[in-house]
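Enquirer: Could you work out the structure for the sequence below:
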Amino acid sequence: MNIRSIALGIVSLVVLILLASSLYVVNETEQVIITQFGEPVGDPVITPGLKIKVPFFQTVNRFDKRFLAWDGERNEIPTKDKRYIWVDTYARWRIVDPLLFFQRLRDEMGAQSRLDDIIDGETRTSVAKNELVEMIRSTNRPPEDIQVDSEEEAVILKEIDKGRDQIVQEIFTEASKKVKELGIELLDVQFKRINYIESVQKDVFDRMIAERQRIAERFRSEGQGEAARIRGERERDLKRIQSEAYRQAQEIRGKADGEATKIYAEAYNRDPAFYAFMKSLETYEKTVDPQTTFVLTTNSDLLRFMKNAP
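Expert: Next up, the predicted model:
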């Protein structure tokens, strides 16, 4: 009885091991290639569920069905017009033929390495065939809509033949042809960033700073000229107002003097003796003060009214 129980247990254990080795589960996000002694056997398994394989002799190789990302290294690349720039590229891809993918690349690590060669190579080729303006612009814009203040900014006025979008499309098209032979579908390629290399950036920034300083100096000079014009107009208006006020004051003073003279003349005509008396008093007031001593003759006109005083 004990021997039979042991034998039954051993048989059950062997059956469980065989079942565990022959059954496998495929998830919805996976696709599977079965290999026997390292060589693929049968068709790719792309439907999810519980599957069967030959135990011990066959191996399950799983590959992702989902979209995968490729993030390239930043590369220093010269453009056609000898401008050295950093180009940072990324792409999205997926495995569409798992059998071909397994035969050519084996796994995703091999795919990433092969994508490095293909996409980076096509990027270098396309950048080297185009000028910088083609890399940084996508469309042509009317020159009258753009204000340019520096040599570096003048590049935006140059007419482009392709533009960044078309260059990216060329890279995508050429790279897609090559990765298709690897069981891969390339979904998208884009530039993450395009920038000058560090040695060129400093020169560019220095030129831009100099241009901004020149523009600031121009505005400052225009402002000083405008201020001088305003000050000149103010001085001119002030002198005009003062001149007009002086003229009006002189006219008023002249009219007043004329009126006073007229009154004096009328007074003189009415009583010449009184007029002469008043003028003499004015003369005394203007010429005599407490510190003044006069020596006069007895027939002086200044004493005439004094002598005749009652």
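
Enquirer: Could you name the helices and strands sitting against the helix or strand that contains Phe63?
Expert: If you go by DSSP states H and E, Phe63 is part of strand 58-64. Here strand 58-64 touches strand 30-36, strand 84-95, helix 98-104, going by 3 or more Cβ pairs under 8 Å, 6 or more residues apart in numbering; DSSP states H and E. In this view, the C-beta of every residue, glycine as well, is placed from N, C-alpha and C.

Enquirer: any weak-confidence spans in the stretch 101-250 of the chain?
Expert: Applying pLDDT under 70 to the stretch 101-250 of the chain picks out residues 141-158, 200, 204.

Enquirer: Okay, strands next: where are they in it?
Expert: Applying DSSP state E, counting those that start in this stretch to the stretch 101-250 of the chain gives strands spanning 184-196.

Enquirer: re the thing from before, roughly how far is the strand holding Phe63 from the heart of the chain?
Expert: On the basis of Cα atoms, centre = their mean, to the nearest Å, strand 58-64 sits 50 Å off its chain's mean C-alpha point.

Enquirer: tell me the angle it makes with strand 84-95.
Expert: Going by axes from the mean of the first three to the mean of the last three Cα atoms, to 10 degrees, strand 58-64 is angled at 130 degrees with respect to strand 84-95.

Enquirer: in the sheet, who's paired with the residue nearest to Phe102 when sequence neighbours are not counted?
Expert: Spatial nearest neighbour of Phe102, excluding adjacent residues (Cβ to Cβ, 6 or more residues apart in numbering): Ile33 at 4.8 Å. Ile33 has the following beta-bridge partners by DSSP bridges: Asn61.

Enquirer: let's number from 15 now, not from 1
Expert: Yep, numbering from 15; the last one is Ile47 now.

Enquirer: since we're on Ile47, how many residues are nearby?
Expert: By other Cβ atoms under 10 Å, 20 other residues sit near Ile47.

Enquirer: How much space separates it from Ala83?
Expert: Applying Cβ to Cβ, to the nearest Å, the value for Ile47 to Ala83 is 22 Å.

Enquirer: swap in Ser26?
Expert: For Ser26, the distance to Ala83 equals 47 Å [Cβ to Cβ].

Enquirer: just Tyr38 next, same as before
Expert: Counting by Cβ to Cβ, the separation of Tyr38 from Ala83 is 27 Å.

Enquirer: Give me the more crowded residue out of those two.
Expert: Neighbour totals were compared for Tyr38 and Ala83, and Tyr38 leads with 17 against 10 (other Cβ under 10 Å).
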